[in-house]
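Asker: return a 3D structure for these sequence lines:
(chains A and B)
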Amino acid sequence: MLTGATGQLGSAFIERYASRYQIIALHHRNEVAFATQANAFVDPLEPSRRIDANDHAVYAIRTDLADATVVPGLIAQIRERVERVDLLINAAAVRQWCPLLAGPGMDSVERLFAINVLAPLRLSVALADAFWRADPNSNADANRSIVNISSTAGLFVYPDLGQAWYATSKAALNHLTYHMAAEFWDLGIRVNAVAPNTFPGRTDLADVLDAIVDFDANTQTGTILQLTGKSQ
Amino acid sequence: MARVDLKSAGYMFDLPSILANRAWLRRPSPFPHVVACNVFAPLFYEALATSLRRILEAGLSESPIAGRFSRNIPGYDAYGIGINDSLDEPLTLFVSPVWRDLMVRLFAIPETPYVFAGAHHHAVGSLSGFVHNDFNPVWFPRANGSELQIPQQELCAYKTGAGPLSASEKVEVVRGAVVIFYLLNDGWRPGDGGETGLFDTRSARVSEPQARCGPENNSLVAFECTPESYHTFLTNHRLPRTSIIMWVHRPLDDAVAKFGDKYLERWKS
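Answerer: Predicted coordinates for the structure are as follows:
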């Protein structure tokens, strides 16, 4: 299950890994740029030609994760679709940089924290209730986990970039990751975070994708992986 | 920037060679449409961009001037230029048989020789358009056999058919499918506006489209023109927006048989 499925990271994850994972793609404003239960690739020169990517269509759900009230319905929709969730990637983020004293109103800040901090928490707890709480041993056997997409902005202070709100939300996500790792341990669910520098740019997008699937494959928990990328 | 010699590169209008992406995405909502990114091979995209940039660099005109982006679309906050044989070859792809064939096959509409292509440029802060469907009847000089025919305003006005041609020398057809190809929009990012908004009803608020197609370089949106293909340009806040637009046309009787005469969007005089 992937949030932020239409962002750069989400789109790249789907494009690269749709054949490896059966993906539930949560998105809000934009459309998923891949085959879904409704959308299909077509060859413009041979419209009837079969395209392999259509065999790996993701299941797209449009939802606003800033709204806590959508979670029960969302979970119900997912339960109708799948019997288990092996990996939750919390990639949705509001990346708003602006000075504290000249920025947008508090409504916009509340949305930023709702998406960047509260949504990963709410979804994780809701998935635990719906899928993971009943049988911790099977979670451990299946090596199930959560990967939060954080940022080096949550680890270091980059001054004069207007990152106060964004960076604070990512710092909170990092700390939340540690606490979730501790509390989800008894459920057999691992929790880690990837903290890249700006991507693409200072950090390669491919490195972020690799980090996610590495976390999925290995046995770590409570790890914040820094991807600082090119020196500044 | 140096002009790209496409002929020496062996790329001229050989679509399997110049198309970089053969997996376009067909989406059903809010009405059936196709989107694609990284449409052309980099060399061909750069040739298109170079050709259109050269025209843009000649400046924008507030009144219609041949060969310049001009305010020639009443009620639409954009500068336009028609694509015809006088323009550089990369641009004439959009009035070529291979591109016409691609469009009619993609949307399974009857083939006619009637095509229309142009480029639009929206300066920063251009007003949003109005929600419309492009299901319009239009006029062309009657084609010579299977040769493609583009509008010739002085012989046969595109919207009304007015002009010196006799009834047998002109033909009324209906816009069958449209493609909007985005280029020269370096640095565009979500939030900048300038998208093509897609809507499920004519009465939808322009600011609340059901889908937005961002003008990322070398991407496109295309759809069959039907009574329900509601769309429009959305105001651009930060950057100009440039695009190429092209229509293929279907026979009038086919449009009437498929959708009904009452749905034809006759031009307001």
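
Asker: and the longest strand along chain A, what's its mean pLDDT?
Answerer: Ranked by residue count and defined by DSSP state E, the top strand of chain A is strand A:190-196. Confidence over strand A:190-196 (mean pLDDT, whole number) is 97.

Asker: so whichever helix or strand comes after it, near chain B or not?
Answerer: Downstream of strand A:190-196, the next assigned helix or strand under DSSP states H and E is helix A:205-217. No - interface with chain B: helix A:205-217 contributes nothing (Cβ under 8 Å from any Cβ of the partner chain), its closest point being 15.3 Å away. The C-beta positions use only the backbone N, C-alpha and C, and glycine is treated the same way.

Asker: which residue packs closest to A:Leu74, ignoring adjacent ones?
Answerer: Leaving out its chain neighbours, the residue that sits closest to A:Leu74 by Cβ to Cβ, 6 or more residues apart in numbering or on different chains is A:Thr63, at 5.5 Å.

Asker: can you get me a residue count around the one you found?
Answerer: Applying other Cβ atoms under 10 Å in any protein chain shown, we find 18 residues neighbouring A:Thr63.

Asker: next up, the contacts around it.
Answerer: By Cβ atoms under 8 Å, 6 or more residues apart in numbering or on different chains, the contact list for A:Thr63 reads A:26-28, A:70, A:74.

Asker: against B:Ile18, how distant is it?
Answerer: Using Cβ to Cβ, to the nearest Å, we find A:Thr63 at a distance of 39 Å from B:Ile18.

Asker: helices or strands up against the helix or strand containing B:Met103?
Answerer: Using DSSP H and E, B:Met103 falls within helix B:97-107. Where contact means 3 or more Cβ pairs under 8 Å, 6 or more residues apart in numbering or on different chains; DSSP states H and E, helix B:97-107 is packed against helix B:15-18, strand B:170-182, strand B:219-224, strand B:241-251.

Asker: that helix: which residues count as buried?
Answerer: The neighbour-count criterion (16 or more other Cβ atoms under 10 Å in any protein chain shown) identifies B:99-100, B:102-107 as the buried residues of helix B:97-107.

Asker: can you state the direction angle for that helix and strand B:170-182?
Answerer: In this structure, helix B:97-107 runs at an angle of 80 degrees to strand B:170-182, with axes from the mean of the first three to the mean of the last three Cα atoms, to 10 degrees as the basis.

Asker: going toward the C-terminus from helix B:97-107, what's the next helix or strand?
Answerer: Following the chain from helix B:97-107 toward its C-terminal end, the next helix or strand by DSSP H and E is strand B:115-122.

Asker: return the list of helices and strands in contact with whatever helix or strand comes next after that next one.
Answerer: As assigned by DSSP H and E, the chain's next helix or strand after strand B:115-122 is strand B:137-141. The contact analysis (3+ Cβ pairs under 8 Å, 6+ apart) places strand B:137-141 against strand B:170-182.

Asker: for the strand it packs on, buried residues please.
Answerer: The neighbour-count criterion (16+ other Cβ under 10 Å) identifies B:170-182 as the buried residues of strand B:170-182.

Asker: roughly how far apart are A:Ser108 and B:Gly80?
Answerer: With distances taken as Cβ to Cβ, A:Ser108 is found 37 Å from B:Gly80.

Asker: who's more crowded, these two?
Answerer: A direct count of neighbours by other Cβ under 10 Å for A:Ser108 and B:Gly80 places B:Gly80 higher, at 16 against 13.

Asker: and the more buried one, what pLDDT?
Answerer: The pLDDT attached to B:Gly80 in the predicted structure is 94.

Asker: help me confirm that it is found in a strand?
Answerer: Yes - secondary structure assignment places B:Gly80 in a strand (DSSP: H, G, I helix; E, B strand; the rest coil).

Asker: contacting residues for it?
Answerer: Shown here is B:Gly80, whose contacts under the criterion Cβ under 8 Å, 6+ apart are B:69-73, B:118-121.

Asker: and for whichever residue of chain B sits closest to chain A, the neighbour number?
Answerer: Closest to chain A within chain B is B:Ala23: 4.2 Å, counting by Cβ to the nearest Cβ. The number of residues packed near B:Ala23 is 18, by other Cβ under 10 Å.

Asker: relative to helix A:205-217, how tilted is the longest strand of chain A?
Answerer: With the same axes, to 10 degrees applied, the angle from strand A:190-196 to helix A:205-217 works out at 170 degrees.

Asker: how far off centre is strand A:190-196?
Answerer: Using Cα atoms, centre = their mean, to the nearest Å, the mean C-alpha position of strand A:190-196 is found 10 Å from that of the whole chain.

Asker: just checking, what packs against that strand?
Answerer: When contacts are defined as 3+ Cβ pairs under 8 Å, 6+ apart, strand A:190-196 packs onto strand A:145-149, helix A:164-184, helix A:205-217, strand A:224-227.

Asker: just the C-alpha atoms of that strand, please, in PDB.
Answerer: Extracted as PDB, the C-alpha positions of strand A:190-196 are listed here (Å, rounded to 0.1, in the frame of the first residue of the first chain):
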ATOM      1  CA  ARG A 190       8.900  -3.600  11.400                       C
ATOM      2  CA  VAL A 191       8.900   0.200  11.000                       C
ATOM      3  CA  ASN A 192      11.700   2.200   9.300                       C
ATOM      4  CA  ALA A 193      12.200   5.400   7.500                       C
ATOM      5  CA  VAL A 194      14.200   6.700   4.500                       C
ATOM      6  CA  ALA A 195      15.500  10.300   5.000                       C
ATOM      7  CA  PRO A 196      16.700  11.500   1.600                       C
END
